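Visitor: Starting from these lines, generate the structure:
(4 chains)
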There are 2 protein chains.
Amino acid sequence: MVETQVGHKTRSVEQNIFDAAEEIFHEHGFDGARMQEIADRAGINKAMLHYYFRSKDRLFQTVFSAALDRMLQRIVEPLASDLPLGIKIRRFVETYVDELHRHPKMPGFIITELNRHPERLKEAALKHIVPVLPKIQEQIDESVGEGRIKPVEAEDLIVNLVSLCTFPFLARPVMQAVLGADPSRYDAFLDKRKTSITDFVFNALQT
Amino acid sequence: MVETQVGHKTRSVEQNIFDAAEEIFHEHGFDGARMQEIADRAGINKAMLHYYFRSKDRLFQTVFSAALDRMLQRIVEPLASDLPLGIKIRRFVETYVDELHRHPKMPGFIITELNRHPERLKEAALKHIVPVLPKIQEQIDESVGEGRIKPVEAEDLIVNLVSLCTFPFLARPVMQAVLGADPSRYDAFLDKRKTSITDFVFNALQT
DNA sequence: GTCTATATAACGATAGAC
DNA sequence: GTCTATCGTTATATAGAC
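Guide: Residues are numbered from 1 along each chain as shown, chains lettered A, B, ... in the order given. Okay, the predicted model is just below:
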């Protein structure tokens, strides 16, 4: 019983550290993050960070891998399903934009850190995403054969979808200012885009 | 003549420092950049950086403002012209993607630093961009009235165009891996997108 | 203007008591 | 496991000779 309690307590502290590290790293990146700030937010001492994660680099790796895996999963999951192409696109945009609303800083975090250290992208993280491309291409070719949509490369279609959804979150400070919108109006704009992106893509594909 | 020489020499050293700082800041961001590395690349001593720019923060501000102004100009210039909407779109995509090929790291640099310090976005930088929106909206409404294109918000169209062009450069490490492409093939993909983006947008607008 | 040498502060990490 | 105290290093920035 004592061991179980200790076990639980340990897991809990480790989780507190992870959660705190996630917030700080997502906000400031690796270079801008301070171990002291993570410790403060976790409500523990700086030495504890090293006790549980040995080094700043290891702690970061843990946070980064979790973020990358989560984002890739959120992108692949709806695209890998067996739904018809149109439903699949609509479903992807809705679920992915919702995810971005929940974690607006994740794409910027991942992209910045990956540009600075491309070696952090492990092969394993991509295993489930590569086979999705040929599958989508099949669906496209099928619909094209039936004369229902215009021909398009699967690569382009997916890159377009992800770009249209992600970029307005990434570039929020500039875009919000350019559109002359306050934060809540820009949030509304982002959410409204769930339908406007879908319409835009559907129109582009329509024969 | 001596003063002129000194003047030239001074401007040249200052320019060397700026160029070096630009490379380092664009690559590592503010937090990751080291004054020593900038000095090394400029071929001068670390103390000189402070002699010419007083502090790391001031040197960064100079580099950042230059980057932001340049990017905004490259986006606004073709959009603010008097060309017909279709030509304008094609022209924008071509010139903007070319600019991105020349400076692939600028969008990531600007976006990262602006997310961390939104206060760095001065009102002045946006003065020339805000009036562009109503103008494009006019052009859209006109073409819609003539039954040549589908109705669309100018905000959405511009955000879509910038997203489609910029994101594949921003997320290069992930996207290149996902598409299973080597660097040169991904460069070809990016360049080919100049026409595929234009086609995609034209199709989306087509009645 | 340009250098060397150094001040000052902050960071990641560890030692050692409890 | 958790703390305090501190080590060793590195960062920005400055002082002062030339």
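
Visitor: Which strands or helices does the host helix or strand of A:Asp69 pack on?
Guide: Per DSSP states H and E: A:Asp69 is located in helix A:56-80. Using 3 or more Cβ pairs under 8 Å, 6 or more residues apart in numbering or on different chains; DSSP states H and E, the elements in contact with helix A:56-80 are helix A:2-32, helix A:46-53, helix A:85-102, helix A:106-116, helix A:132-145. All C-beta atoms are positioned from the backbone trio N, CA, C, and that covers glycine.

Visitor: Could you check how many residues crowd around the spatially closest residue to A:Ala181 that is not a sequence neighbour?
Guide: With Cβ to Cβ, 6 or more residues apart in numbering or on different chains as the measure, A:Phe189 is the residue that lies nearest to A:Ala181, at 6.3 Å, once sequence neighbours are left out. Around A:Phe189 sit 19 other residues, with neighbours defined as other Cβ atoms under 10 Å in any protein chain shown.

Visitor: Look at A:Ala181 and give its secondary structure.
Guide: For A:Ala181, the assignment made with DSSP: H, G, I helix; E, B strand; the rest coil gives coil.

Visitor: That one contacts A:Val174, doesn't it?
Guide: No: counting by Cβ atoms under 8 Å, A:Ala181 sits too far from A:Val174 to count as a contact (11.7 Å).

Visitor: So for those two, which sits in the more crowded spot?
Guide: When A:Ala181 and A:Val174 are compared for neighbours, A:Val174 comes out ahead with 24 against 15, by other Cβ under 10 Å.

Visitor: Packed most tightly, which of the helices and strands packed on helix A:56-80 would that be?
Guide: Comparing the helices and strands packed on helix A:56-80 by mean neighbour count (mean count of other Cβ atoms under 10 Å in any protein chain shown), helix A:106-116 ranks first with a mean of 22.

Visitor: Next, the contact list for the spatially most central residue of chain A, please.
Guide: When chain A is reduced to its mean C-alpha position, the closest residue under Cα atoms, centre = their mean turns out to be A:Met71, at 3.2 Å. Going by Cβ atoms under 8 Å, 6 or more residues apart in numbering or on different chains, A:Met71 touches A:Glu99, A:Met106, A:Pro107, A:Ile110.

Visitor: ok, it to DNA strand C distance?
Guide: If you measure A:Met71 against DNA strand C using Cβ to the nearest atom of the strand, to the nearest Å, the figure is 24 Å.

Visitor: ok, and does stretch A:22-41 reach over to DNA strand C?
Guide: Yes: in this structure, stretch A:22-41 sits against DNA strand C according to Cβ under 7 Å from any atom of the strand; the contacting residues are A:Ala33, A:Arg34, A:Met35, A:Gln36.

Visitor: Narrow those to those in strands?
Guide: Of the positions in those, not one sits in strands, assigned by DSSP state E.

Visitor: neighbour-wise, which of those leads?
Guide: Among the residues of stretch A:22-41 next to DNA strand C, A:Ala33 has the most neighbours (other Cβ under 10 Å), with 21 neighbours.

Visitor: Show me which residues of chain A are close to DNA strand C?
Guide: Within reach of DNA strand C by Cβ under 7 Å from any atom of the strand, chain A has these residues: A:Ala33, A:Arg34, A:Met35, A:Gln36, A:Lys46, A:Ala47, A:His50, A:Arg54, A:Ser55, A:Lys56, A:Asp57.

Visitor: Would you map out the domains in chain A?
Guide: Chain A resolves into domains spanning A:1-54, A:64-205 when parsed by automatic domain parsing.

Visitor: before we move on, the earlier item: just the buried positions in whichever strand or helix holds the residue nearest to A:Ala181, please.
Guide: Using DSSP H and E, A:Phe189 maps to helix A:183-205. When burial is assessed from 16 or more other Cβ atoms under 10 Å in any protein chain shown, helix A:183-205 yields the following buried residues: A:186, A:189-190, A:193-194, A:196-201, A:203-205.

Visitor: Output the below-cut-off pLDDT ranges for chain A.
Guide: Along chain A, segments meeting pLDDT under 70 span A:1-10.

Visitor: what's the burial count for the nearest residue to A:Val144 once chain neighbours are set aside?
Guide: Counting by Cβ to Cβ, 6+ apart, the nearest residue to A:Val144 once its immediate chain neighbours are dropped is A:Pro151, at 5.0 Å. Burial measure for A:Pro151: 11 neighbouring residues, criterion other Cβ under 10 Å.

Visitor: For A:Pro151, grab phi and psi.
Guide: Note on A:Pro151: its backbone torsions stand at phi -70, psi 140 [degrees, to the nearest 10].

Visitor: any idea how far it is from DNA strand D?
Guide: Looking at A:Pro151 against DNA strand D, where the rule is Cβ to the nearest atom of the strand, the gap reads 52 Å.

Visitor: which secondary structure elements does the helix holding A:Phe189 contact?
Guide: If you count contacts as 3+ Cβ pairs under 8 Å, 6+ apart, helix A:183-205 packs onto helix A:85-102, helix A:154-170, helix A:172-178, helix B:154-170, helix B:183-205.

Visitor: Distance to A:Phe25 added to these, as CSV?
Guide: Shown next, in CSV, are these (distance: least, Cβ to Cβ, whole Å):
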stretch, distance to A:Phe25
helix A:85-102, 17
helix A:154-170, 17
helix A:172-178, 19
helix B:154-170, 19
helix B:183-205, 27
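
Visitor: and the residue nearest to A:Asn115 when sequence neighbours are not counted, what is it in contact with?
Guide: Nearest-residue entry for A:Asn115: B:Gly108, 5.6 Å, with adjacent residues in sequence omitted and distances by Cβ to Cβ, 6+ apart. Applying Cβ under 8 Å, 6+ apart, one finds that B:Gly108 lies in contact with A:Ile111, A:Thr112, A:Asn115, B:Phe169, B:Leu170.

Visitor: A:Arg148 contacts A:Thr207, correct?
Guide: Yes: counting by Cβ under 8 Å, a contact exists between A:Arg148 and A:Thr207, whose distance comes to 6.6 Å.

Visitor: Leaving aside the residues adjacent along the chain, what's closest to A:Glu14?
Guide: Once its chain neighbours are removed from consideration, A:Glu14 has its nearest residue in A:Tyr52; the separation is 5.3 Å (Cβ to Cβ, 6+ apart).
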